[in-house]
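Enquirer: pasting a predicted model and its sequence here:
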Amino acid sequence: MKYLILGAGPSGLTFANMLLRSGEKDFLVLERDKTAGGLCRSTDVDKSPFDTGGGHFLDVKDPAVTEFVFSYLPEDEWDLYERDSRIDLYGDMIGSPIEANIWQLPEDRQKRYLDAIGSAGCNTGLPKPEKFTDWIEWKLGSAIAEDYMLPYNRKMFGEDLDSLGTYWLEKLPNVSYEETKLSCANHRPYGTQPGHARFYYPKKYGYGEAFLRMADALGDRIRYNERVESIDYDKKTVNDAYHADRIIVTIPPVSVMRHTGLPEELAAGLDELKYSSIVTEYVPERLDTKAHWIYYPDPKLSYHRILVRHNFCPGSNGYWTETNLTRFDTDRADKAQSAYFINDFAYPLNTAGKPAIMKRYLEYTSSKDIIGLGRWGEWMHYNSDVVIKRAMDLAKELVV
Ligand SMILES: Cc1cc2nc3c(=O)[nH]c(=O)nc-3n(C[C@H](O)[C@H](O)[C@H](O)COP(=O)(O)OP(=O)(O)OC[C@H]3O[C@@H](n4cnc5c(N)ncnc54)[C@H](O)[C@@H]3O)c2cc1C
C-alpha cells in the first residue's frame, strides 16, 4: 500500500483522516489495542465518562485544530470551561501556578517563598543551569523547589529527575519575581497563564469520543489487536507482513522488539530513551470543591493529581487519581475492586541526551520514507492539540 500508519492515537487518526479527505484511500492503520484513541481513550465508570489515560481537555488556542476536531464531534457537543486548577500545599489549597498564587498563603509563608525567589539564580545573575533539578531552584528559589516542584515532579516523572534537561521548559508557566511580588501586593495572579487556561470537554462523553468518531470515519482501514513487533527499515516492511511506500510511526519506537536495518549506533540510542507510566483510578467520593483538577506534592500520598470529574462532566460523581506506576499499589486496588487503568507509555522523558538521539534517528528513518510523528514518534511532550496540528501539517506536506 502507499501508507502504513502505526498507532491509532490522535496522531495516527488525524494523519489517516487527512489522507481520506484528500482522496487517498490506499492506506492502513495498525493498532495494538482493541479500540482507538491512544492516551486520549475514555470508558464509562460509575455510569459516567472516565478518561483512562488521565485528565484530557481540548485547548482552545489553535482554531485550525478545534475546527478539525469539531468536524467529527461538533462544537455544540462540547462545554467550554475557564480553567480552575489548584495545588494542595500540605493542607493549604491555592491556585496554580504556585508562583502566581502564593498570595493565597499565610503571610509568613508568602515571605519565605518571596525571599527565596528573590535570591534565586535567575534573579542574581547566575547562568541558566543544564539540569532540570538545578533549573527549578535557579528559577523559583529553594522554598518552592523543596515544597512543591521537586516532590511533585518526582511523583509524576519518577525519582530520576536529575537525568532531565532544561530545553523543554517553555511548557511551564513563566512568572517573574516582579509579577509574584505584584500578586502578593494586589491579591491576584500576574504573569503568563499555564496551558488550558480555557478548554473544551464533551458534554455527554469522555474526551475519547472525538477520536472514536475519527476512527469510525476510517471504517475498516484500521486493523485492531495488531501489535507492531518488527520494522524492516530497508524493505519498508512491518511484522514481515505489511509493506508500504511510506510508513508513519506514531508508536513508541522502543515498543518494537525487532529493528532490522537500523544502524547499531541508532538502536543503542533508542535504548537510552526513558518514559514514565501512569495509572488512573476512580474514587466514588464527591468532593466539596469547584476545581477541575488539583495537584498534590505531598510524598506521603501516592497520587500526584486528581481530576474532579463532577466539575467538568455534567451529572457525574467522584474523581479520579493519576499515579506514577512505580508508586501504585495494585494489590490494594485489586482488593478494593476499584476501577484502574495502566498506561505503560504516558510521558516521554526529556532527558539531557534525547534531542540528539531523536534527531539522528528521525533523520535516518525519514531518508527511508519512515517518518516519526506525535508524542512517541517524535518523543516529545506534545499535547493532543499539538499532535493533531503536526499530523495535519505532515499530511499536507506529503499528500495534499
Ligand atoms: C496524564 C496525561 C494527561 C494529559 N492531558 C492532556 C490534556 O489535557 N490535553 C491534551 O491535549 N493532551 C493531554 N495529554 C497528551 C495526550 O495524551 C497526547 O498528546 C496524545 O495522546 C498523543 O497522541 P499520539 O497519537 O501521538 O500518541 P498516543 O495517544 O500514545 O497513541 C499511540 C497509539 O499507538 C498504539 N501503540 C503503541 N505501541 C504500539 C505497537 N507496538 N503496535 C501497535 N500500536 C501501538 C497505542 O495503543 C496508541 O493507540 C495528556 C497526557 C497524559 C499522559
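Expert: Thanks, I have it. On a predicted model such as this, the values are computed, not experimentally measured, just so you know. Numbers count the residues shown, from 1 in each chain.
Enquirer: read off the pLDDT value for the residue of the stretch 101-250 of the chain found nearest the ligand.
Expert: Distances between the stretch 101-250 of the chain and the ligand by C-beta to the nearest ligand atom are smallest at V228, namely 3.5 Å. Glycine gets a C-beta too; all of them are placed from N, C-alpha and C. If you check V228, the pLDDT there is 98.
Enquirer: could you do V400 as well?
Expert: V400 is assigned a pLDDT of 60 by the prediction.
Enquirer: and for N225?
Expert: So, for N225, pLDDT stands at 98.
Enquirer: count of neighbours near the one residue in the stretch 51-200 of the chain that gets nearest to the ligand?
Expert: Closest residue of the stretch 51-200 of the chain to the ligand, C-beta to the nearest ligand atom: G54 (2.5 Å). Per other C-beta atoms under 10 Å, the neighbour tally for G54 reads 21.
Enquirer: what residues does this protein put near the ligand?
Expert: The chain comes close to the ligand at residues 6-12, 30-33, 38-40, 53-57, 59, 227-228, 250-252, 255-256, 278, 322, 345-347, 374-376, 382-385, 387, as judged by C-beta under 6 Å from any ligand atom.
Enquirer: ok, back up a step: how about the residue of the stretch 51-200 of the chain closest to the ligand, what does it touch?
Expert: Residues in contact with G54 (C-beta atoms under 8 Å, 6 or more residues apart in numbering) are 39, 278, 280, 305, 307, 322, 343, 346.
Enquirer: nearest residue to it in space, please, no chain neighbours.
Expert: Sequence neighbours aside, E322 is the residue nearest to G54 in space, at 4.9 Å (criterion: C-beta to C-beta, 6 or more residues apart in numbering).
Enquirer: with W379 instead?
Expert: In this structure, W379 finds its nearest non-sequential neighbour in P348, 4.5 Å apart by C-beta to C-beta, 6+ apart.
Enquirer: and the one you found, how many neighbours?
Expert: With other C-beta under 10 Å as criterion, P348 counts 21.
Enquirer: and the closest residue to the ligand within the stretch 251-400 of the chain, how far is that from P348?
Expert: Here the stretch 251-400 of the chain gets closest to the ligand at one residue, G374, 2.7 Å apart by C-beta to the nearest ligand atom. G374 sits 10 Å away from P348, going by C-beta to C-beta, to the nearest Å.
Enquirer: helices of the stretch 1-150 of the chain, residue ranges please.
Expert: 10-21, 63-70, 98-101, 107-118, 121-124, 132-144, 150-157 (DSSP state H, counting those that start in this stretch).
Enquirer: want to try a markdown table for those helices, with mean neighbour count as columns?
Expert: Converted to a markdown table, these look like this (neighbours: other C-beta atoms under 10 Å):
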| stretch | mean neighbour count |
| --- | --- |
| helix 10-21 | 26 |
| helix 63-70 | 16 |
| helix 98-101 | 24 |
| helix 107-118 | 16 |
| helix 121-124 | 14 |
| helix 132-144 | 21 |
| helix 150-157 | 20 |
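Enquirer: for the helix or strand hosting T321, C-alpha coordinates in CSV please.
Expert: Element membership of T321, judged by DSSP states H and E, is strand 319-324. What follows is strand 319-324, C-alpha atoms only, in CSV (Å, rounded to 0.1, in the frame of the first residue of the first chain):
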residue,chain,number,x,y,z
TYR,A,319,-12.9,11.9,41.0
TRP,A,320,-10.0,10.0,39.6
THR,A,321,-6.4,10.0,40.6
GLU,A,322,-3.2,9.9,38.5
THR,A,323,-0.3,8.0,39.9
ASN,A,324,3.1,7.0,38.6
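Enquirer: in it, what counts as buried?
Expert: 319-324 (16 or more other C-beta atoms under 10 Å).
Enquirer: hey, where'd the strands end up in the stretch 251-400 of the chain?
Expert: Assigned by DSSP state E, counting those that start in this stretch, the strands in the stretch 251-400 of the chain fall at 258-260, 275-283, 293-295, 305-307, 319-324, 340-348, 370-372.
Enquirer: as JSON lines, those strands with mean pLDDT and distance to P97 would be great.
Expert: Putting the strands of the stretch 251-400 of the chain into JSON lines (pLDDT from 0 to 100; distance: least, C-beta to C-beta, whole Å) gives the following:
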{"stretch": "strand 258-260", "mean pLDDT": "97", "distance to P97": "40"}
{"stretch": "strand 275-283", "mean pLDDT": "97", "distance to P97": "21"}
{"stretch": "strand 293-295", "mean pLDDT": "98", "distance to P97": "10"}
{"stretch": "strand 305-307", "mean pLDDT": "98", "distance to P97": "14"}
{"stretch": "strand 319-324", "mean pLDDT": "98", "distance to P97": "18"}
{"stretch": "strand 340-348", "mean pLDDT": "98", "distance to P97": "19"}
{"stretch": "strand 370-372", "mean pLDDT": "98", "distance to P97": "31"}
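Enquirer: which among those is found nearest to D44?
Expert: strand 275-283 (10.6 Å; C-beta to C-beta).
Enquirer: how about that closest one: buried residues?
Expert: 275-283.
Enquirer: swap in stretch 38-54?
Expert: Using 16+ other C-beta under 10 Å as the test for burial, stretch 38-54 gives 38-42, 45, 48-54.
Enquirer: of all those, which comes closest to T330?
Expert: Nearest to T330 among the buried residues of stretch 38-54, counting by C-beta to C-beta, is T52 at 15.5 Å.
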